[in-house]
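After the sequence you'll find the predicted model.
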Amino acid sequence: MKHKTLTQFLIEQQRLENALPADVRLLIEVVARACKTISHHVSKGALGNVLGSLDSSNVQGEVQKKLDVLSNEILLEANEWGGNLAAMASEEMDSIYPIPHAYPRGGYLLLFDPLDGSSNIDVNVSIGTIFSVLRAPAEADQREIEEADFLQPGTEQVAAGYAVYGPQTVLVLTVGTGTFGFTLDRETHSWILTHEKISIPEDTSEFAINASNMRHWAEPVRRYIDECLAGTTGPRERNFNMRWVASMVADVHRILCRGGIFMYPWDAREPERAGKLRLMYEANPMAFIVEQAGGAATNGTQRIMELQPQQLHERVSVILGSRNEVERVTRYHHEAQR
Ligand code: AHG
Ligand code: MN
Ligand code: MN
């Protein structure tokens with residue numbers, strides 16, 4: 001079998017009518033290259049002195065792990081000089097990172113969660129990188145890029161993807177023509193297309209949620225999970241299985257491979273906070289990837305990709321995965337509002 005590399009795949013996408021501008025293709029290749037470097041560091045673990053925490057916190061008040069900061073630096077350095085971007089934004093930076101004047105400025109904005117699943121770094125469980133690409137507003141051409149230029153709904157994404165650093169390193173990508181996966185070949189150092197046009201089963205009997213928060217959940221979430229737990233003798237008339245990796249990349253990757261529903265909903269621990277996950281560099285790219293694979297993603301009442309962001313680091317309630325289950329949880333939220 002002749003393998004197709006990421007480069008070949010992207011060039012084919014570029015040739016399809018209007019599917020992919022050349023500069024987006026190049027910037028995806030640069031992000032993919034940075035993910036290869038991160039994967040290399042991750043795999044060294046204790047031997048590479050990459051485990052453990054730093055003394056610093058990020059803008060969300062979370063203690064930074066060495067790999068959070070290292071991955072952020074790798075992505076910034078890889079992407080700043082290529083000429084395709086106007087600015088970047090990251091979970092690990094308080095404010096946006098405009099492309100330095102020393103380099104040519106391009107027409108796109110890149111957002112990322114450099115290292116997702118930080119709590120799993122030190123215990124050798126799958127972690128990843130999530131990214132999203134937006135257009136810089138045309139009228140911003142003549143001025144400095146501002147944070148407000150990033151505040152576009154997820155429907156405006158040009159591309160989105162994640163890399164999962166697990167038993168294999170896999171890059172999953174969409175440019176709006178379906179969702180595709182590429183496995184890193186460690187002998188040739190290239191990304192090989194291994195997951196063609198991923199399709200999430202519409203139905204599932206597997207859910208992913210941090211059940212330790214059960215007592216804080218809203219009623220519709222509790223109702224849904226109670227019904228799953230009731231099994232064959234409950235209203236769903238079948239048993240459900242549970243998985244929770246606690247790395248969104250790994251939980252979403254499993255759902256792309258075999259279906260399932262993932263929830264990190266609003267809960268009453270911090271009632272004024274919409275959820276734990278971040279809209280712009282976690283929920284939106286994952287929603288784009290999942291929708292392009294035939295799944296769905298809502299915040300309980302609205303499609304995630306249609307939410308108008310108000311802030312760069314805004315949080316959101318996330319319910320995504322197999323379409324029929326996401327629609328059911330969303331319906332329970334609507335019923336509870338009446
Ligand atoms: P990050 O490591 O980028 O801060 O994200 C961690 C997120 C997400 O990956 C995961 O689904 C969730 O946090 C896990 O949260 P709990 O520890 O509350 O289960
Ligand atoms: Mn994350
Ligand atoms: Mn992170």
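Yep, that arrived. All of these numbers come straight from a predicted model, not from anything done at the bench. Ligands and ions are numbered 1, 2, ... in the order given.

pLDDT at residue 82, what is it?
Listed pLDDT for residue 82 reads 94.

Which of the helices and strands in the chain ranks last by mean pLDDT?
Lowest on mean pLDDT, DSSP states H and E among the helices and strands of the chain sits strand 53-57, with a mean of 89.

Helix or strand next in line after that strand, which one?
Moving toward the C-terminus from strand 53-57, the first helix or strand encountered (DSSP states H and E) is strand 63-65.

how close does residue 28 sit to residue 78?
12 Å (Cβ to Cβ, to the nearest Å). (C-beta placed from N, C-alpha, C; glycine too.)

Let me fix that, I meant to ask about residue 270.
From residue 270 to residue 78 the distance is 35 Å (Cβ to Cβ).

Of those two, which one has the most company?
residue 78 (19 against 12; other Cβ atoms under 10 Å).

Kindly calculate the angle that the strand or helix carrying that one makes with strand 53-57.
If you go by DSSP H and E, residue 78 is part of helix 66-79. Helix 66-79 runs at 70 degrees relative to strand 53-57, counting by axes from the mean of the first three to the mean of the last three Cα atoms, to 10 degrees.

May I see the buried residues of helix 66-79?
66-72, 74-76, 78-79 (16 or more other Cβ atoms under 10 Å).

Show me what the lengthiest helix in the chain is packed up against.
Secondary structure of the chain read by DSSP state H shows that its longest helix is helix 22-44. Applying 3 or more Cβ pairs under 8 Å, 6 or more residues apart in numbering; DSSP states H and E, we find helix 22-44 packed against helix 6-15, helix 66-79, strand 108-116, strand 127-135, strand 159-165, strand 169-174, strand 179-185.

For ligand 1, find the nearest of the ones you listed.
Closest approach to ligand 1 among the helices and strands packed on helix 22-44 is made by strand 108-116 (4.3 Å; Cβ to the nearest ligand atom).

And the longest helix of the chain, how far out from the chain middle?
Remark: helix 22-44 is offset 15 Å from the chain centroid, using Cα atoms, centre = their mean, to the nearest Å.

Give me the residue ranges of the protein where confidence is low.
1 (pLDDT under 70).
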